[in-house]
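A.B. asks: I need the structure of the sequence given here:
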Amino acid sequence: MIVEAKDAILGRLSSFVAKQALLGNKVHVINCEECVVSGKKQAILGVYKTKLHRKAPGKAPFFYKKPDLLVKRTIRGMLPFKMARGREAFKNVKCYVGIPDNLINEKPIVMENSEAKKLQSTDYIKVRDICRAVGGK
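C.D. replies: Presented below is the predicted three-dimensional model:
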């Protein structure tokens, strides 16, 4: 199963992918950098910067600065990762920036109910911009 993350809300996308992984499907999430987080930009960036500076350097919790790893970590939060069932489901999830060469001819599933165009307000920020703001690429 291939899921297109472009203009999908991060939380809704993550819960859908987690549910599919728990059902036993192998899920590939493409275009992770185009996923959006709804809310005011400054408030969202403040939350992520607070998470980043909460720790001592070199100690946990680690914060991912790449869009694909950030989305994958969000999906992990939707799974019962401390149980064997959740760990096995998490192995079936792969996230990519852009579209990899081996999946270019496949038709992805587009999340219709969670597009950024259907948001009530225009306040949202893309995962790519969050990662750039905290020092990633």
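
A.B. asks: and residue 92, how many neighbours does it have?
C.D. replies: 17 (other Cβ atoms under 10 Å). Where C-beta positions appear, they are placed from N, C-alpha and C, glycine not excepted.

A.B. asks: That one and residue 19 touch, don't they?
C.D. replies: No. Under the criterion of Cβ atoms under 8 Å, residue 92 makes no contact with residue 19, lying 11.9 Å away.

A.B. asks: residues making contact with the helix or strand of the chain with the lowest mean pLDDT?
C.D. replies: None of the helices or strands of the chain scores lower by mean pLDDT, DSSP states H and E than strand 109-110, at a mean of 82. By Cβ atoms under 8 Å, 6 or more residues apart in numbering, the residues outside strand 109-110 that reach it are 1, 2, 3, 4, 6.

A.B. asks: Skip the chain neighbours and tell me the closest residue to the last one.
C.D. replies: In space, residue 6 comes closest to residue 34 once its chain neighbours are excluded; the distance is 4.0 Å by Cβ to Cβ, 6 or more residues apart in numbering.

A.B. asks: Contacts only, for the one you found.
C.D. replies: Taking Cβ under 8 Å, 6+ apart as the contact definition, residue 34 lies against 5, 6, 7, 126, 127, 128.

A.B. asks: Please repeat the previous calculation with a cut-off of 10 Å.
C.D. replies: Going by Cβ atoms under 10 Å, 6 or more residues apart in numbering, residue 34 touches 4, 5, 6, 7, 8, 67, 97, 98, 116, 126, 127, 128.
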